[in-house]
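In: structure for the following, please:
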Amino acid sequence: MPNLLFQPTQRNGVILNTQDGFCYLRYRTASKQETEYWTCELRPACPARGITRNNRKEFEQTKQHNHLPDALRCEIREVKNNLKRLAADAIGCDTTTNILQTTLMLTSAAAKARLPVVDHIKRNVQRSRNRAQMPMPQSRDEIQIPKQYQLIIPITFLLWDSGPATNDEERILMFGADLNLDFLRSCNAIVMDGTFQCTPQHFLQLYALHGTRMEGDDHKPGQAVSFFFLFPNKSVDTYRRGFNRFKMFLPGWEPQRIMMDFERAIPIVSPR
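Out: All right, here's what the predicted structure looks like:
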């Protein structure tokens, strides 16, 4: 009995690869669901036919091929399927280049020579990633953050989500980690700064809190970004809600110095 490999097609079909290097497309399934009928993937040029029985455990070729086998076609198809699968599942540091390198490491030189050029493969990977991503929300209330995007594995990164707007309170997101909390507790000063230039859609401001402390034998100042806020506006109430939540993670901590950019609402509610 030949070794059989079944692969999905782009149109949700199934293709059968046999160990002798021939490929077949499924074109009909018997009523019992245990028997399937296959034609050569080069039809109608090739008349070859085959039948699988016993839930794809047995294969019988009923008509012969009129061409030579091509074992590389199976490997190339497997490479493309793996690229799409990895692209759909990719998060974080799994960039397009990383996905491509991971897949090609296990690909034979002969198969690599018959693959499309790298730029074309990368575009296909990017399309697969885009199709697998969640659609862009139309408002802040529609934002749903999957669990895998709330973590910097295995650490929780999304510390607070105020949820959909209620009672005129717009949505706020706060990001950080336990390591940031530990660092900030050891700091005697913080630097606060916001930007309106690189915020995601539906938010007005990205606001960052940097902890500073003296480090090393020469006591040079060290600084690290500890917390991020995504604010919907720059009102006093919004800043107060965000900073009050921030202080809940560091009870009793009071920095000696706070440095900030000029924003009239900030000094009123600064986290001191």
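In: would you map the strands across the stretch 51-200 of the chain?
Out: Secondary structure of the stretch 51-200 of the chain, counting by DSSP state E, counting those that start in this stretch: strands at 58-63, 151-152, 155-156, 158-161, 173-175, 189-195.
In: pick the most deeply packed of the ones you listed.
Out: Highest mean neighbour count among those (mean count of other CB atoms under 10 Å): strand 173-175, with a mean of 21. C-beta coordinates here come from the backbone N, C-alpha and C atoms, glycine included.
In: each with direction, which strands does it pair with?
Out: strand 158-161 (antiparallel), strand 220-231 (antiparallel) (DSSP bridges).
In: got the domain ranges for this structure?
Out: In terms of domains, the chain is parsed into 4-63, 71-132, 140-269 (source: automatic domain parsing).
In: need those domains in TSV (columns: mean pLDDT).
Out: Putting the domains of the chain into TSV (pLDDT from 0 to 100) gives the following:
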stretch	mean pLDDT
domain 4-63	86
domain 71-132	84
domain 140-269	81
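In: could you dump the strands of the stretch 51-200 of the chain into TSV with distance to residue 210 added?
Out: Shown next, in TSV, are the strands of the stretch 51-200 of the chain (distance: least, CB to CB, whole Å):
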stretch	distance to residue 210
strand 58-63	65
strand 151-152	18
strand 155-156	19
strand 158-161	16
strand 173-175	14
strand 189-195	4
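In: please identify which of these is closest to residue 72.
Out: With CB to CB as the measure, strand 58-63 is the member of these nearest residue 72 (20.4 Å).
In: secondary structure class for residue 50?
Out: Following DSSP: H, G, I helix; E, B strand; the rest coil, we place residue 50 in the strand state.
In: residue contacts, the closest residue in space to it that isn't next to it in sequence?
Out: Excluding the flanking residues, the one nearest residue 50 by CB to CB, 6 or more residues apart in numbering is residue 38, at 4.4 Å. Each residue near residue 38 by CB atoms under 8 Å, 6 or more residues apart in numbering is listed here: 16, 24-27, 49-52.
In: am I right that residue 38 falls within a strand?
Out: Yes - under three-state DSSP, residue 38 falls within a strand.
In: quick one: contacts for residue 21?
Out: Neighbouring residues of residue 21 by CB under 8 Å, 6+ apart: 69-71, 73-74.
In: how about the helices in the protein?
Out: Along the chain, the segments classed as helices by DSSP state H run 71-89, 96-104, 109-114, 118-132, 178-185, 236-248, 265-269.
In: contacts for the fourth one?
Out: By CB under 8 Å, 6+ apart, the residues outside helix 118-132 that reach it are 80, 83-84, 86-90, 96-97, 99-100, 115.
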